[in-house]
Every structure is written in C-alpha cells, then in structure tokens.
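Undergrad: Provide a 3D model corresponding to the input given below.
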Amino acid sequence: MEDAFNIFRDDDYDSDSSESSNTEPTCYVFGYGSLVWRPGFSFTECITGYIRGYKRRFWQGNTTHRGTYEKPGRVVTLVEDENGIVWGCAYKVTGELALKYLEQRECKLGGYDVKYIKFFPGKTSEFSGISGEAFPAIIYIATPDNSYWMGEDSLENIAKQICSASGPSGHNVEYLLRLALFMREEVPHADDDHLFTLEKLVKEELIKRKICLYSVMGQQPQMIERDYHENIRRPVTFAHSSKIAEKKLRCLNI
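TA: Prediction:
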C-alpha cells in the first residue's frame, strides 16, 4: 500500500502547498462504477473527468454486493481499447484508511486488481487547484484471471442477468441505473452505448416481469459534492457586445 502513495508525492500534483507538508500521504482514486455514486470512504475532493485507452463493460461477476453465488450479478470493469474514453470521477484521499477499505471492497470481495492510470479533469478553473493536464490516479480493474469473471455475452442476456440478481448492497438493476444517471447528469455529452443500451433493455425486461422500478432502486444515496467549477467569478467583458449593431439590445456578461 505504501507503493500506492509513493507515486503521488510529487508536488506537481498537490493542489494545496499546505497539504504537501502533511505527514499523511495523499492520492487520487478513479471510480467508474458504483464508486461514482456510493464511494463509501472519506475524501476531500471529487473531480469529474475521464481516462483514455479503455472502454467500460458489464463483464465482471459479483456475488458479494449485487448478487449471490446462486445468481451472480454483473458489474463493470474496463477493457483495453486504443480509442476508448471512460468517464467517472477521481476522489482525493489522505491516509491509508480509504485504500484499506477499497482493498477489501474491490480486491478481496470484488476480484479487482490495482493499477495506475492518467486521469484527465473534465472541467477546470483558475480556482480549482487542478490544471487541465492529466495526473496519476489509482484504479481497480478486473481481468479474466479472477474467479468472478463472466466475460462477454449478448446485451439481451446481460440485461436478463442484471434483472435477476440482487445482493447485500441492493439490486443489480440499481447499480446499472444509478451509473447511467451519473453519466446523464455529469457528462451528458459523452457516449456510452454499452451502458445506455443495457439501461434500455433492463427497463424493458422489468416491464415484462412486472417488476416495479421503484422497488429495485433502494435508498437514495447521499449527495456527493463534486467539483463543478460552475460558480466561477469571471471578469466583466464587453468584447462580444462591441460586435453588436448599435440599435440592438445588448446582453452583457455581468
């Protein structure tokens, strides 16, 4: 675990110089599945953004959170894709408590391996402390080598499996729909055909089985304070208004 922090001790990635003197190491963890809406650990910052070179797929089985040994659920992992982009969020964590929790949740119970990637912030500002350049983050990826791997299948079959699975953390349908909701709310311009096609098929399957959508969604998760950078104070400018004809009303950015 110490190695996980060592690569993040570079001051170039420390947004607050006062934090760099902190005796506890700081790092970023990238979430692209349930972590985007239910992290389960303490963090000091949540940044929406993306990674490159992967695509998100519901190819990992799950028997501890969203399924059982009799009826495994399906959760997401990442598959290498040269042109792929996967959106999610990076959490800034300090100390080892969060990583110990994730080691249990993702590795021991989920079958994921730890890797390191470059994370690209989706929105930045002069006040965010984060430049537009990529910075390193920890990521959890499942491979075909783990015992929970379910692999590729038709989207119709995957949708049926998701509708049939439920575990200690809730119904498998909730996992899928909340992930789709995150994508629509946070990055509405992004494409994720695999996710959104499954969302459509799962909703159709629920109707066929006469299952109420509300009954599978569980409790509303706690709202996450994300770094949107939308409430930025920008200097007043008349650059665009100067191009408007004199007799027209002007809309100024004030």
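Undergrad: and the gap between the residue lying closest to S164 once chain neighbours are set aside and S166?
TA: In this structure, S164 finds its nearest non-sequential neighbour in K71, 5.6 Å apart by CB to CB, 6 or more residues apart in numbering. The way it works is simple: take the backbone N, C-alpha and C, and place the C-beta from them, glycine included. Separation of K71 from S166 (CB to CB, to the nearest Å) stands at 8 Å.
Undergrad: and these two? Which one has more around it.
TA: Using other CB atoms under 10 Å, the more surrounded residue of K71 and S166 is S166, with 19 against 13.
Undergrad: surely that one is in contact with G67?
TA: Yes. Between S166 and G67 a contact is recorded at 7.0 Å, counting by CB atoms under 8 Å.
Undergrad: quick revisit: for the residue nearest to S164, what are its contacts?
TA: Neighbour list for K71: Q161, S164, A165, S166 [criterion: CB atoms under 8 Å, 6 or more residues apart in numbering].
Undergrad: taking these one by one, which sit in strands?
TA: Within the contacts of K71, residues falling in strands by DSSP state E are S166.
Undergrad: give me the pLDDT for the residue nearest to S164.
TA: Note on K71: pLDDT of 96.
Undergrad: phi first, then psi, for Y54.
TA: phi -140, psi 160 (degrees, to the nearest 10).
Undergrad: now it: closest residue in space, sequence neighbours ignored.
TA: Using CB to CB, 6+ apart, the closest residue to Y54 is L78 (4.0 Å).
Undergrad: neighbours of the spatially closest residue to A134 that is not a sequence neighbour, just the number please.
TA: Distance criterion CB to CB, 6+ apart; nearest residue to A134, sequence neighbours excluded, is K118 at 3.9 Å. Per other CB under 10 Å, the neighbour tally for K118 reads 13.
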